[in-house]
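A.B. asks: structure for the following, please:
(2 chains)
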Amino acid sequence: MTLLAGVITLVLHLLLVIAAAPLLVGLVRKLKARLVGREGPPVIQAWRDTLRLLRKEPVVADGTSWLFRAAPSVGLAAILTAMLLVPSFAFGMMTAGASDLLVILGLLGLARCTLALAAMDTGTAFGGIGASREMLFAAFAEPAMMLVVITLALLAGTTNLDVIASVLGSGVLGLRVSLALALGALMAVAIVECGRIPVDNPATHLELTMVHEAMVLEYSGRHLALIELAASLKLLLWFTLIATVFGPFGLAPPGLAPLSWAVAMLFWVGKMALLGAALAVFETTRAKMRVFRVPEFLGVAMLLAMLAAVLLLVSQGFA
Amino acid sequence: MTVLILPWLGLVMIGLVVTGVLAASAGERMAGYGTLIACGVGLAGVLLHLLAGAPEAGMTIPFGIVGQSGGLAIDGLSSLFLALVLGLGMASGIASLEAHHVTTAPALPVFVAGMVLTLLAQDAVMLLLGFEAMSLASFVLVMTGHRDEAVRRAGLLYLGMAMLGALCLVAALGLMAGDGLSFDSIRAHPPQGARAVAVLVLVVIGAGSKAGLAPLHVWLPPAHAAAPGPVSALMSGAMTKVALYVIIRLLFDLAGSGQPGWFGVPLIVMGLAGAVIGALRANLETDIKAVLACSTVENVGLIAIALGLGFAARAADLPAIAGLAFGAALLHAMGHGMFKALLFLAAGSVQYGAGSREMARLGGLIGAMPYTAGAMLLGAACLAGLPPSSGFAGEWMLLQSVIAALRVGGLGVQVLVCVLAAGMAMAMALAAAASVRLVGVVMLGRPRTPRCAAAVESSPPVRWALILLGLGSLGLGLMPGALLGLAEPALQVLSTSFAQRASLLALVPQADAPGYAPLGILALLFLLLMGIAACLRNWAVAGYRHGPAWDCGFGAPPDWLPFGDPATQYGPGSMAQPLRRALGGSLLAARQSVTMPAPEDSAPARFTETAQDPAERLIFAPIHRLRATISHLADLMTFLTVRQSLSVLFAALVLFLAVIAALEQT
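C.D. replies: Numbers count the residues shown, from 1 in each chain, chains lettered A, B, ... in the order given. Below you'll find the model as predicted:
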């Protein structure tokens, strides 16, 4: 019975996130447009773009290898795999036993390296710019993320996300300063990983300021559709991760319970919309920073995460 | 079977040495065939022994110093490392069958025999004999291209470090062997107090310099880069692991489990320094083999961290955490040995097939060298620690053992462990950047020289060696639990265990906890890829067409420049630039200067970059200055008059007698 519930929730989760990811990007765009006084495209526009791109024949740059053509699918598969490990509306999905935070980070790394290699395969300067900067950011984001993982592992005794969320959601731990600090660090890392303002601008047209967009400059047609889908799924993944760890209320318990699934889905949609609105406000009020200021930005995140871990160690007397 | 394994491996060693002697006259292909056959035979025996649970066995041989017969022994720990050494020996043997004129090839089987003897040694003399055979044979192999000034310098630096290492190991073993030279008598009377501290220092310097622990790693990148491909594969993959084995054997086994926990701290500190510096340097080097060698420094550092944590946990009487840390160290040592050998063989293949080791002269080889490119992609995925590769399995276990190590000590230790975890995560991310740069510049993009545009794939022997190591790496990545099962006897030698947590399909940090199941992740990835392909077939247009790269309107290259201007492509220096600016200045003293000629001056503008390893600046430069001073003083003595030199002689004699008298007094 549990297995059946696990399979059903996993399939529902997969369909839900695929449907929701472009909508989330559309929502953020719409809100940002309204905040600066424009009407903005409808929320559904991101989905329309994806479907339209799928129907267009891609133009592949001369001199590129099979890796360039395979990278969009591999990157999307890696991010989807990671997404399947992050519980959104229900605990006890079939993948719950494998939903390890380090594995999720590893899969995101797989997607990042694949895209960076594809960018270098084009043999253009912009591909190189994007790839080298993306790897630079990762070198500073990973330590901060590792410290957040340590904080969570200290609280829950494991790096398994399903267990961490259930422990935090059970309320036995209460509110903690450490969690607030870790939340700050995690949000900074998420902004960098998703390439949002102030680190990178997903809507930029100034080539020299691009990171992610520089990497995918040569992609077109259905390849570009897969990459856009992967990027929006990545944003949704980080939002879900933040919501599940720091707002683990409203998730359905393991087991067959269609009604509580429906309620939990509504909760999840609400959380995503809230985080999306927060992102839109934050991006509207910030300017993009120079590339070499990003390590400092992530240094602050690292410091916050370190404080979170140390505060926890001091308060728990953990030995 | 247990009775036969030692004579079997003894015959393998004799076979290897005989091969070396024969190859000196019969030609270098003989060395390749002999190494392949002897290592294959030995590997079969060792694998059977491991599957049988690696029971301990010993054998005395009529060889050794006067009055004491030497001994060979095998247990779980040595069997595991033997399997790695013999497996890599086999691959190197196959790869060296390729017809390149390598005059030093007869030293290859002797090198492998030295490593096997080190692993089988049962007394101090045998250990030193094997270790020195390994050092000297590998020195000969490093000097293969001795006509090149850089190779000579690398070789001499290596020889100097090997001599320092030998000196320290002889002293360490002398301090340990109070009653007898055999390991049993050392185990019966482990060193105590100040003597144990001296042993720790000497072993860490002696074997650590061979393993490439920071700050004794300075010789490693030039020496591993100078040797031919199959030799660097063995040096990076196997020899550094044999050196780590010597550290484990002497400090963790022979010195007893009663040593204080802070003995692990030097290993942790040196390991962390090596991991970060090695990974950062791997991003700045421009020679593909130097990149790989620097990443060896990084990985040896990571393994040393796990060993140090295991030592501290064992001393704090936390066998579960110690087992996790030692298991992580062994898993990553085996995984790294295999994928680093794979990468070095691929680099050797690039060197011969595309004519250069300089990244700035390579590019776009994926079309012309499909096997090499596949091997390098797989190896780079392991190096970057991407799931589901063997590198990720090892790093996952390492990070889990660091998280578990928060339970070892008080608040001070815990804060340090947090710093350690952050440093390791940074080293791993830097390694990922280095592997993207390596594959991206060498294999992808456009060719940077005409020579590399005309590259050819290596001959079948090298391909077979690449396939063999690639399959080994894949298997280890997908079933790391199986390796931990084989490593159980080794963990019992270190008086810990992993048995209740080992499973073939998954790695678990603690009993009854969720873990990491590589096959499951691979299955998910595969199913989703199939799903994406099916969706594309139904809802997207098929096919694609070619066009010049858009490159923001840069335009297609003219006909007379078929691959475009190489300078418009990101190269090794430009890929490294962001990391060099962000981290290089503080960690590697990286400086850059631009000299702009005055207007109307026709001199070229120059951009120069320098970077220096801190170990070179802080340790090796002062030693170099000291040596120069001493040799200058000695030089002055040749100009003394007869009277002056007689007085110096007399003073030296008096001083010598005074010292002897003082020693007699006490």
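
A.B. asks: can you map out the helices along the stretch 101-250 of chain A?
C.D. replies: With DSSP state H, counting those that start in this stretch, the ranges of helices along the stretch 101-250 of chain A come out as A:101-121, A:125-156, A:161-169, A:177-193, A:212-215, A:221-246.

A.B. asks: nearest to B:Leu640, out of these?
C.D. replies: Among the helices of the stretch 101-250 of chain A, helix A:125-156 comes nearest to B:Leu640, with 58.0 Å by Cβ to Cβ. Just so you know, the C-beta spots here come from the backbone N, C-alpha and C atoms, and that holds for glycine as well.

A.B. asks: give me the number of residues near residue 253?
C.D. replies: Since no chain was named, I'll use chain A. 13 (other Cβ atoms under 10 Å in any protein chain shown).

A.B. asks: not quite, I wanted chain B
C.D. replies: Counted with other Cβ under 10 Å, B:Asp253 comes out at 18.

A.B. asks: helix, strand or coil for it?
C.D. replies: At B:Asp253 the chain is in helix, as set by DSSP: H, G, I helix; E, B strand; the rest coil.

A.B. asks: now do the SS call for the residue of chain B found nearest chain A.
C.D. replies: With Cβ to the nearest Cβ, the shortest gap between chain B and chain A falls at B:Tyr570, namely 2.2 Å. When classified by three-state DSSP, B:Tyr570 comes out as coil.

A.B. asks: returning to what we had before: mean pLDDT and mean neighbour count for the helices of the stretch 101-250 of chain A - can I get that in CSV?
C.D. replies: Compiled in CSV, the helices of the stretch 101-250 of chain A are given as follows (pLDDT from 0 to 100; neighbours: other Cβ atoms under 10 Å in any protein chain shown):
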stretch, mean pLDDT, mean neighbour count
helix A:101-121, 96, 26
helix A:125-156, 93, 26
helix A:161-169, 90, 22
helix A:177-193, 93, 22
helix A:212-215, 88, 24
helix A:221-246, 95, 23
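
A.B. asks: give me the below-cutoff pLDDT ranges for chain B.
C.D. replies: Regions of chain B meeting the criterion pLDDT under 70 cover residues B:1, B:66-67, B:99, B:101, B:499-502, B:504, B:511-512.

A.B. asks: so it: which segments form each domain?
C.D. replies: B:1-225, B:260-532+B:571-596+B:604-612, B:620-665 (automatic domain parsing).

A.B. asks: which of the ones you listed is buried the deepest?
C.D. replies: Mean neighbour count (mean count of other Cβ atoms under 10 Å in any protein chain shown) peaks for domain B:260-532+B:571-596+B:604-612 among those, with a mean of 23.

A.B. asks: any idea which of the helices of the stretch 101-250 of chain A gets closest to chain B?
C.D. replies: Among these, the nearest to chain B by Cβ to the nearest Cβ is helix A:125-156 (2.2 Å).

A.B. asks: the nearest residue to B:Ile532 once chain neighbours are set aside sits in which helix or strand?
C.D. replies: Closest residue to B:Ile532 apart from its sequence neighbours, by Cβ to Cβ, 6 or more residues apart in numbering or on different chains: A:Ser73 at 5.0 Å. Here A:Ser73 sits within helix A:66-85, counting by DSSP states H and E.

A.B. asks: hmm, A:Ser220 is touching A:Lys56, no?
C.D. replies: Yes: between A:Ser220 and A:Lys56 a contact is recorded at 7.0 Å, counting by Cβ atoms under 8 Å.

A.B. asks: of these two, who's got more company?
C.D. replies: Neighbours were counted for A:Ser220 and for A:Lys56 using other Cβ under 10 Å; A:Ser220 has more, 19 against 15.

A.B. asks: can you name the residues that contact the more buried one?
C.D. replies: A:Leu53, A:Lys56, A:Pro58, A:Val59 (Cβ atoms under 8 Å, 6 or more residues apart in numbering or on different chains).

A.B. asks: next one: phi and psi at A:Cys194?
C.D. replies: For A:Cys194, the backbone dihedrals (degrees, to the nearest 10) come out as phi -90, psi 0.

A.B. asks: neighbours of it, just the number please.
C.D. replies: 20.

A.B. asks: likewise for B:Gly258?
C.D. replies: 9.

A.B. asks: in CSV, list the C-alpha atoms belonging to stretch A:273-285.
C.D. replies: Only the C-alpha atoms of stretch A:273-285 are listed here, as CSV (Å, rounded to 0.1, in the frame of the first residue of the first chain):
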residue,chain,number,x,y,z
ALA,A,273,3.5,31.8,-5.5
LEU,A,274,4.7,33.5,-2.3
LEU,A,275,8.3,32.8,-3.0
GLY,A,276,7.9,33.9,-6.6
ALA,A,277,6.4,37.2,-5.5
ALA,A,278,9.2,37.7,-3.0
LEU,A,279,11.7,37.0,-5.8
ALA,A,280,10.0,39.5,-8.1
VAL,A,281,10.1,42.3,-5.5
PHE,A,282,13.7,41.5,-4.6
GLU,A,283,14.8,41.5,-8.2
THR,A,284,13.0,44.8,-9.0
THR,A,285,14.6,46.6,-6.1
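
A.B. asks: my guess is A:Ala264 meets A:Leu251, correct?
C.D. replies: Yes: under the criterion of Cβ under 8 Å, A:Ala264 makes contact with A:Leu251 at 5.5 Å.

A.B. asks: so between the two, which is more surrounded?
C.D. replies: Using other Cβ under 10 Å, the more surrounded residue of A:Ala264 and A:Leu251 is A:Leu251, with 25 against 22.

A.B. asks: follow-up on the earlier one: which neighbours do A:Ala264 and A:Leu251 share?
C.D. replies: A:Phe89, A:Ala90.

A.B. asks: which residues does residue 203 contact?
C.D. replies: Let's take chain A. By Cβ under 8 Å, 6+ apart, the neighbours of A:Ala203 are A:Arg29.

A.B. asks: let's do chain B instead
C.D. replies: Shown in contact with B:Val203 (Cβ under 8 Å, 6+ apart): B:Cys168, B:Leu169, B:Ala172, B:Val246, B:Ile247, B:Leu250, B:Leu251.

A.B. asks: got phi/psi on it?
C.D. replies: The phi/psi pair for B:Val203 (degrees, to the nearest 10) is phi -70, psi -40.

A.B. asks: can I get the helices of the stretch 101-250 of chain A in a markdown table including distance to B:Gly355?
C.D. replies: Formatted as a markdown table, the helices of the stretch 101-250 of chain A follow (distance: least, Cβ to Cβ, whole Å):
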| stretch | distance to B:Gly355 |
| --- | --- |
| helix A:101-121 | 21 |
| helix A:125-156 | 23 |
| helix A:161-169 | 49 |
| helix A:177-193 | 40 |
| helix A:212-215 | 30 |
| helix A:221-246 | 34 |
